[in-house]
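J.: below is the sequence, then the predicted model.
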Amino acid sequence: MTENMDDKAKQLHSKLERLDEEDHDFNLRRAVAGFLFLVMPVDGHSHPKELDRLKRILADDFNLTERETEDLIVGAENHARSEESLAPMAEILRAGLSKDDLIIFVSHMWEMVFADGRLHETEIVLVERVAKLLHIPPEDVARAMSA
């Protein structure tokens, strides 16, 4: 009887670990999508090329289907409307990504900035603010712009 209970406890523990990992990955995807989505309207308008770039980045980085990508973007849009602080999303990224991955993320933000062919001061300020929250040095932010 005890052996059976131990097996069930191990199975439950294993299941909880998988759920925790899945939740971590889900939160990481949400944070990435949320930050990238914020770039689109920050200059006063969203351009279809920005949305196309967002879809490509998310699908490629997370190996998502078209439907999963669209669902993630809808969640990012809803999150952006909630006016939640950027700090919790930055914490999720800092905890889940290496420094090199964070720099790649900042380069994705620059991709979003340049997707519509225009560079607006508010976009620069947003990228720099997010990079500061991620503890990315200014020289790495500048290097990510040309990556």
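T.: Structure's in. What do you need?
J.: what does stretch 48-57 rub up against?
T.: Residues outside stretch 48-57 that contact it (CB atoms under 8 Å, 6 or more residues apart in numbering) are 33, 36-37, 39-40, 66, 69-70, 73, 108, 111-112, 115-117. For glycine as for every other residue, the C-beta is placed from the backbone atoms N, C-alpha and C.
J.: ok, so of the residues you listed, who is nearest residue 137?
T.: residue 108 (17.7 Å; CB to CB).
J.: for the closest residue to the closest one other than its chain neighbours, give its distance to residue 142.
T.: Excluding the flanking residues, the one nearest residue 108 by CB to CB, 6 or more residues apart in numbering is residue 57, at 5.2 Å. Separation of residue 57 from residue 142 (CB to CB, to the nearest Å) stands at 20 Å.
J.: between these two, who's got more neighbours?
T.: residue 57 (21 against 13; other CB atoms under 10 Å).
J.: the residue nearest the centre of the chain sits in which helix or strand?
T.: Most central in the chain under CA atoms, centre = their mean is residue 32, positioned 0.4 Å from the mean C-alpha point. Here residue 32, judged by DSSP states H and E, is contained in helix 2-39.
J.: before we move on, back to that, state the mean pLDDT of the helix or strand harbouring the residue nearest to residue 108.
T.: Taking DSSP H and E as the criterion, the element that holds residue 57 is helix 48-62. Helix 48-62 comes out with an average pLDDT of 94.
J.: with stretch 117-137 instead?
T.: On average, stretch 117-137 scores 95.
J.: what's that stretch in contact with?
T.: 35, 38-39, 42-44, 49, 86-87, 90, 93-94, 99, 102-103, 105-106, 109-110, 113, 138, 140-141, 144.
J.: among those residues, name the buried ones.
T.: Buried by 16 or more other CB atoms under 10 Å: 35, 38-39, 42-43, 86, 90, 93, 102-103, 105-106, 109-110, 113, 140-141, 144, out of the contacts of stretch 117-137.
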